[in-house]
Structure formats: C-alpha cells, structure tokens
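1. Model the structure of this input:
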Amino acid sequence: MFARTTHRTVHFDQPFWMPDLGETVPAGDYEVDEDEELIEGISWLAYRRVATFIKLPATAENKYRMRLIAIDPEELERLMQVDRNAAAIFPSLSP
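-> So this is what the prediction gives:
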C-alpha cells in the first residue's frame, strides 16, 4: 500500500476551542498534516485521506511539549470557517 503525507499551514486570527482537547488554543499559524493512502484496483491514481493532524506548539501550559493532535478534517474546516466569519463580522479584532 502506497501512502503519502501532505503538509499545509492554517492561520487563525482568533483563539479557538478544540472540543476533543477541552481547551482553548491561541490564535496563530498551525501546521496540518494529512495522511493519505492509495486506492488500489482502479485505473487512475486516487488517494483516500486516512488521518489529519494539527501540530500545537510547546507552551508553558502544556509543560513545553509540542503536541501532534488528531483532528477530524470536517472539524478543522468548521473551526477555520468560524474564524473567517469572526474576522468578517469583527474586522477590528483581526491583526
């Protein structure tokens, strides 16, 4: 089975709540990794996403440890949409 990982950076203008962690994460840039595996048995190359992770930086609150947290891709998109909507409604709060 062939697999690949794609990397991207997402930006949040506002702090956001991560329900699975039960904590608020500060605004900023975050690296997101998406693991995909090749779908075999078809006549063209296609990949299926099997995992999505967001990297949270080391902070004093988490005892200076970087964390790689699994996140549902739909939840990540929802969090990003909430952040975009807040920036559109309250532009003075955005940097």
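2. you'd agree residue 9 is in a helix?
-> No - read with DSSP: H, G, I helix; E, B strand; the rest coil, residue 9 is strand and lies in no helix.
3. let's have the chain start at 6 instead
-> All set: I'll call the first residue 6, so the last point we hit is now residue 14.
4. So what's the residue count around it?
-> Per other CB atoms under 10 Å, the neighbour tally for residue 14 reads 9. Any C-beta I mention is one placed from the backbone N, CA and C, and that applies to glycine too.
5. Same question for residue 55.
-> Residue 55 has 10 nearby residues by other CB under 10 Å.
6. Wait, it touches residue 41, no?
-> Yes - in this structure residue 55 lies within contact range of residue 41 using CB atoms under 8 Å: 6.4 Å.
7. hey, what's in contact with both of the two?
-> Shared contacts of residue 55 and residue 41 (CB atoms under 8 Å, 6 or more residues apart in numbering): residue 8.
8. For stretch 8-25, list the C-alpha coordinates in CSV.
-> The C-alpha coordinates for stretch 8-25 follow below in CSV (Å, rounded to 0.1, in the frame of the first residue of the first chain):
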residue,chain,number,x,y,z
ALA,A,8,0.9,6.3,1.3
ARG,A,9,1.7,10.0,1.3
THR,A,10,1.6,12.9,3.7
THR,A,11,0.6,16.4,2.6
HIS,A,12,1.6,19.4,4.7
ARG,A,13,-0.1,22.8,4.9
THR,A,14,-0.2,25.8,7.3
VAL,A,15,-3.5,27.2,8.5
HIS,A,16,-4.0,30.5,10.2
PHE,A,17,-6.4,31.5,12.9
ASP,A,18,-7.0,35.2,13.7
GLN,A,19,-8.8,34.4,16.9
PRO,A,20,-8.2,31.8,19.7
PHE,A,21,-10.3,28.7,19.1
TRP,A,22,-11.8,26.0,21.2
MET,A,23,-10.8,22.4,20.5
PRO,A,24,-13.6,20.2,21.9
ASP,A,25,-11.5,17.0,21.8
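9. now the helices for the protein?
-> Per DSSP state H, the chain carries helices over the ranges 78-94.
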